[in-house]
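> Quick one: sequence and predicted model below, then my questions.
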Amino acid sequence: MNKEDPYFGGEKAFQVFLDTMKTAKHFPYVSSWNEIDVFFTTAMQEISLGTKTVQQALDDAAASSQETLGQ
């Protein structure tokens, strides 16, 4: 399956995924994960739209996450 593919210029199409899996971490198993995921998705949108700086968006998401985990 991970063989050289002429469509991808002779590159192994799945190699990038195999390399990524060496350091990948699954999401944490906490009951509030869905809510926390929304905080970080919102942060990515704010960063992309330029409504917040990277630092501010991630700080806000982290603070909201900590508050949710502390409940």
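That came through, no problem. Numbers count the residues shown, from 1 in each chain.
> Tell me how far Gln15 lies from Asp5.
For Gln15, the distance to Asp5 equals 10 Å [Cβ to Cβ, to the nearest Å]. In this view, the C-beta of every residue, glycine as well, is placed from N, C-alpha and C.
> Same question for Lys12.
Per Cβ to Cβ, Lys12 is found 7 Å from Asp5.
> go on, Gln71?
According to Cβ to Cβ, Gln71 stands 49 Å off from Asp5.
> Neighbour count for those two, which is higher?
Neighbours were tallied for Gln71 and for Asp5 using other Cβ atoms under 10 Å; the higher tally belongs to Asp5 (12 against 6).
> ok, and the closest non-adjacent residue to that one?
Closest residue to Asp5 apart from its sequence neighbours, by Cβ to Cβ, 6 or more residues apart in numbering: Ala13 at 4.8 Å.
> One more: Ser65?
Per Cβ to Cβ, 6+ apart, closest to Ser65 is Ile36, 4.7 Å.
> residues making contact with the helix or strand hosting the one you found?
For Ile36, the host element (DSSP states H and E) is helix 33-49. Contacting residues not belonging to helix 33-49 are listed as 27, 30, 52-54, 57-58, 60-61, 64-65, 68-69 [Cβ atoms under 8 Å, 6 or more residues apart in numbering].
> Show me how to select, in ChimeraX, the buried members of those residues.
Applied in ChimeraX, the following selects the buried portion of these according to 16 or more other Cβ atoms under 10 Å:
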select :52,57,58,61,64,65,68
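> about what we covered before: with only the CA atoms kept, save the helix holding Ile36 in PDB.
What follows is helix 33-49, C-alpha atoms only, in PDB (Å, rounded to 0.1, in the frame of the first residue of the first chain):
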ATOM      1  CA  TRP A  33     -13.300  16.800  25.600                       C
ATOM      2  CA  ASN A  34     -16.000  17.900  23.200                       C
ATOM      3  CA  GLU A  35     -16.300  21.300  24.900                       C
ATOM      4  CA  ILE A  36     -12.600  21.700  25.100                       C
ATOM      5  CA  ASP A  37     -12.300  20.800  21.400                       C
ATOM      6  CA  VAL A  38     -14.700  23.700  20.600                       C
ATOM      7  CA  PHE A  39     -12.400  26.100  22.500                       C
ATOM      8  CA  PHE A  40      -9.400  25.300  20.400                       C
ATOM      9  CA  THR A  41     -11.400  25.100  17.100                       C
ATOM     10  CA  THR A  42     -12.700  28.600  17.900                       C
ATOM     11  CA  ALA A  43      -9.100  29.700  18.600                       C
ATOM     12  CA  MET A  44      -8.000  28.500  15.200                       C
ATOM     13  CA  GLN A  45     -10.800  30.400  13.600                       C
ATOM     14  CA  GLU A  46      -9.900  33.600  15.500                       C
ATOM     15  CA  ILE A  47      -6.300  33.200  14.400                       C
ATOM     16  CA  SER A  48      -7.200  32.600  10.800                       C
ATOM     17  CA  LEU A  49      -9.600  35.500  10.700                       C
END
